[in-house]
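Engineer: Sequence and predicted structure are below.
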Amino acid sequence: MLFVEFRFVAFFALVLAVAWSLRSNGARKAWLLVVSYAFYGAWDWRFLGLIVLSTVVDWIAGAGIHAARERPGRRRAWLALSLVVNLGLLLTYKYFDFFAESLNALLSWLGIGTSVPVLNLILPVGISFYTFQTLSYSLDIYFGKLEPAERPLDLALFVAFFPQLVAGPIVLAKEFLPQLVQRPTWSAVPVRWALVLFLVGFVKKSCLSDALSPFVDAVHAQPDAAGSLAAWTSAIAFSAQIYCDFSGYTDMAIACAALLGYALPRNFAAPYLTGSIGAFWAHWHITLGRWFREYLYVPLGGNRRGERRSLLNVLIVFVVSGLWHGAAWTYVIWGTLHGLIVVFERTRYGRPIMRLSPLGGILYVNLLWFFTMVIFRASTMRDSGVLMGAMIWPKESSAAAPAVPEWILPVLAAAFVVHALWHRFGLDVRWARLSPLPFAFSYGVAVAVALPWVSANPAPYIYFAF
């Protein structure tokens with residue numbers, strides 16, 4: 001069930017009406033848990049058991065960690081239970097076949113006849129997201145940043161809350177659980193801002209991302225046929241597609257949660273307007289970066305053990321981040337490459353980058369991002385090499401190559417200008433501050449203008465694969 005489908009609008013209207021009609025906070029949370037399980041079950045009901053298992057394990061582990069706060073050995077054992085179960089599920093479903101196939105390829109290259117069997121398991125939607133969320137609960141209790149939830153219902157709703165369940169933002173237990181203590185009040189809901197944010201996310205996904213998808217898919221289906229123009233246009237188009245797709249999803253997720261009375265963290269902050277790759281990553285998928293900083297970078301030592309160790313920790317985070325995005329060497333290499341760039345920017349050799357003009361910094365960031373996203377999107381490193389070669393050395397497209405639609409580059413240029421102005425002047429906040437009648441009229445006009453451009457066949461969200 002995609003946010004841009006009519007059936008979701010009907011589903012959410014029902015959820016919203018019942019949630020605000022329930023006076024008991026407990027009944028309200030129970031209702032939201034039931035509909036969250038129904039929402040996830042609509043994708044594949046068989047994987048609901050994994051969410052329930054993670055919830056039960058972390059409820060038990062969290063209570064055990066808290067009870068053993070004076071006994072370090074037991075605390076570590078309870079934390080280990082949470083890590084083994086949650087990461088074990090993630091490794092089994094997402095990474096087992098990747099590592100098995102990589103090992104088999106190595107054994108074959110070495111001339112060893114044995115092989116490791118592959119499982120061919122279906123990847124549960126959103127497992128990378130909700131695994132990181134539920135781990136934040138046990139980890140924060142272990143680090144003394146959070147008290148255990150008072151009721152299993154609260155933890156279950158935190159893990160399964162449907163707006164951000166399958167593709168983020170990645171919410172931390174310490175910021176969401178306190179919101180469940182009391183029933184929200186309608187007077188505190190930023191209704192107009194949430195409606196604006198939902199419409200913006202809808203337009204990003206259904207009018208822009210889905211329109212770019214066919215051309216990008218066609219180029220990557222036949223990379224050898226693409227010439228320089230097609231390769232560059234595809235790289236730029238995919239960069240816009242994945243931003244509109246992912247940030248569009250999180251915009252709508254944040255808006256839906258806000259209409260239900262809950263605040264979710266911001267996940268994007270105009271990354272394409274930054275001046276370095278390090279700054280870009282501080283503005284792209286913000287909640288993933290925050291999770292890695294709190295639960296990987298800092299436990300590794302952060303910047304407390306000198307510059308060299310700090311840079312190594314940064315590189316480790318980016319390698320793991322690449323692997324988090326997908327079980328393929330293209331993602332690992334992509335993450336490693338970005339880690340090396342960020343490390344370089346933090347050394348004295350990269351300091352000139354920090355002194356670029358604002359326009360020069362934006363060009364530097366976008367050109368690097370366009371180029372490296374070819375690796376992210378390509379099926380194999382060989383395919384990415386072919387397309388990057390066409391971007392570096394002039395090449396004509398073959399007869400089999402898809403034609404570059406004339407509208408793509410002008411539309412993307414216009415969208416970039418609107419994007420820059422929108423964030424520069426905070427137009428979402430300004431729009432939401434209009435009095436009711438002007439707001440309703442302008443919102444209706446915006447919807448009427450957007451509807452003719454809505455894709456008839458919405459594509460699955462790109463990050464559902466992760």
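Structural biologist: Thanks, I have it.
Engineer: Any regions of this protein where pLDDT drops low?
Structural biologist: Low-confidence segments of the chain (pLDDT under 70): 465-466.
Engineer: which helices and strands does the longest helix anywhere in it pack with?
Structural biologist: Assignment by DSSP state H gives helix 228-259 as the longest helix of the chain. When contacts are defined as 3 or more Cβ pairs under 8 Å, 6 or more residues apart in numbering; DSSP states H and E, helix 228-259 packs onto helix 191-202, helix 210-221, helix 358-377, helix 381-392, helix 408-425. All C-beta spots, glycine's among them, are computed from the backbone N, C-alpha and C.
Engineer: list the helices and strands the third one packs on?
Structural biologist: Taking 3+ Cβ pairs under 8 Å, 6+ apart as contact, the helices and strands that helix 358-377 lies on are helix 228-259, helix 277-283, helix 329-346, helix 381-392.
Engineer: so of these, which one's packed in deepest?
Structural biologist: Each of the helices and strands packed on helix 358-377 was assessed for mean neighbour count using mean count of other Cβ atoms under 10 Å. The highest is helix 228-259, with a mean of 24.
Engineer: Sticking with the residue lying closest to Ala327 once chain neighbours are set aside, tell me its helix or strand.
Structural biologist: Distances taken as Cβ to Cβ, 6 or more residues apart in numbering put Phe98 closest to Ala327, at 3.5 Å, once the chain neighbours are dropped. Phe98 belongs to helix 96-109 when assigned by DSSP states H and E.
Engineer: Kindly report the same for Leu50.
Structural biologist: Counting by DSSP H and E, Leu50 is found in helix 48-67.
Engineer: do the same with Arg290
Structural biologist: Assigned by DSSP H and E, Arg290 falls within helix 286-292.
Engineer: Against which helices or strands is that helix packed?
Structural biologist: Applying 3+ Cβ pairs under 8 Å, 6+ apart, one finds that helix 286-292 makes contact with helix 127-142, helix 307-325.
Engineer: Contacts for the longest one, please.
Structural biologist: Going back to what we said before, that points to helix 307-325. 95, 128, 288, 292-293, 296-297, 300-303, 331-336, 338-340, 342-343, 346-347, 376, 466 (Cβ atoms under 8 Å, 6 or more residues apart in numbering).
Engineer: Buried residues in it, which are they?
Structural biologist: 310-315, 317-319, 321-325 (16 or more other Cβ atoms under 10 Å).
Engineer: how distant is that helix from the center of its chain?
Structural biologist: Here helix 307-325 is found 18 Å from its chain centre; the criterion is Cα atoms, centre = their mean, to the nearest Å.
Engineer: likewise the first one?
Structural biologist: Averaging C-alpha coordinates over helix 127-142 and over its chain gives two centres that are 15 Å apart (Cα atoms, centre = their mean).
Engineer: Name the next helix or strand following it along the chain.
Structural biologist: Next along from helix 127-142, by DSSP H and E: helix 152-160.
Engineer: Please identify the buried residues of that next one?
Structural biologist: Result for helix 152-160 [16+ other Cβ under 10 Å]: buried residues 154-160.
Engineer: would you list the residues you listed in TSV and tack on distance to Leu427?
Structural biologist: As requested, the buried residues of helix 152-160 are exported to TSV (distance: Cβ to Cβ, whole Å):
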residue	distance to Leu427
Asp154	36
Leu155	38
Ala156	38
Leu157	33
Phe158	32
Val159	35
Ala160	34
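Engineer: Nearest to Leu48 among those residues?
Structural biologist: Using Cβ to Cβ, Ala160 comes nearest to Leu48 of these, at 8.8 Å.
Engineer: Name the surrounding residues that touch stretch 439-455.
Structural biologist: Stretch 439-455 has contacts (Cβ under 8 Å, 6+ apart) with 4, 192, 195-196, 199, 202-203, 206-207, 210-211, 431-432, 434.
Engineer: Reformat the residues you listed as TSV; add neighbour count and distance to Leu146.
Structural biologist: Shown next, in TSV, are the contacts of stretch 439-455 (neighbours: other Cβ atoms under 10 Å; distance: Cβ to Cβ, whole Å):
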residue	neighbour count	distance to Leu146
Val4	23	35
Arg192	19	33
Leu195	19	33
Val196	24	33
Leu199	19	35
Phe202	21	34
Val203	22	37
Ser206	25	38
Cys207	21	40
Asp210	22	39
Ala211	20	43
Trp431	20	36
Ala432	18	32
Leu434	15	39
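Engineer: Quickly name whichever of the residues you listed is closest to Trp109.
Structural biologist: Nearest to Trp109 out of these is Asp210 (Cβ to Cβ; 41.0 Å).
Engineer: Once you drop chain neighbours, what's closest to Phe39?
Structural biologist: The shortest distance from Phe39 to any residue other than its chain neighbours is 4.0 Å, reached at Phe162 (Cβ to Cβ, 6+ apart).
Engineer: do the same with Leu229
Structural biologist: Leu229's closest residue in space is Val404 (Cβ to Cβ, 6+ apart), at 5.8 Å.
Engineer: Can you tell me how far that neighbour is from Ala237?
Structural biologist: Distance, Val404 to Ala237, by Cβ to Cβ, to the nearest Å: 9 Å.
Engineer: Same question for Arg69.
Structural biologist: 53 Å.
Engineer: what do you get for Phe129?
Structural biologist: When distance is defined by Cβ to Cβ, Phe129 is 26 Å away from Ala237.
Engineer: One more: Trp393?
Structural biologist: For Trp393, the distance to Ala237 equals 21 Å [Cβ to Cβ].
Engineer: just Val116 next, same as before
Structural biologist: Taking Cβ to Cβ, one finds Val116 at 38 Å from Ala237.
Engineer: Same check on His325?
Structural biologist: 19 Å.
Engineer: which of the residues in the helix holding Arg290 are buried?
Structural biologist: Buried, per 16+ other Cβ under 10 Å, within helix 286-292: 286-292.
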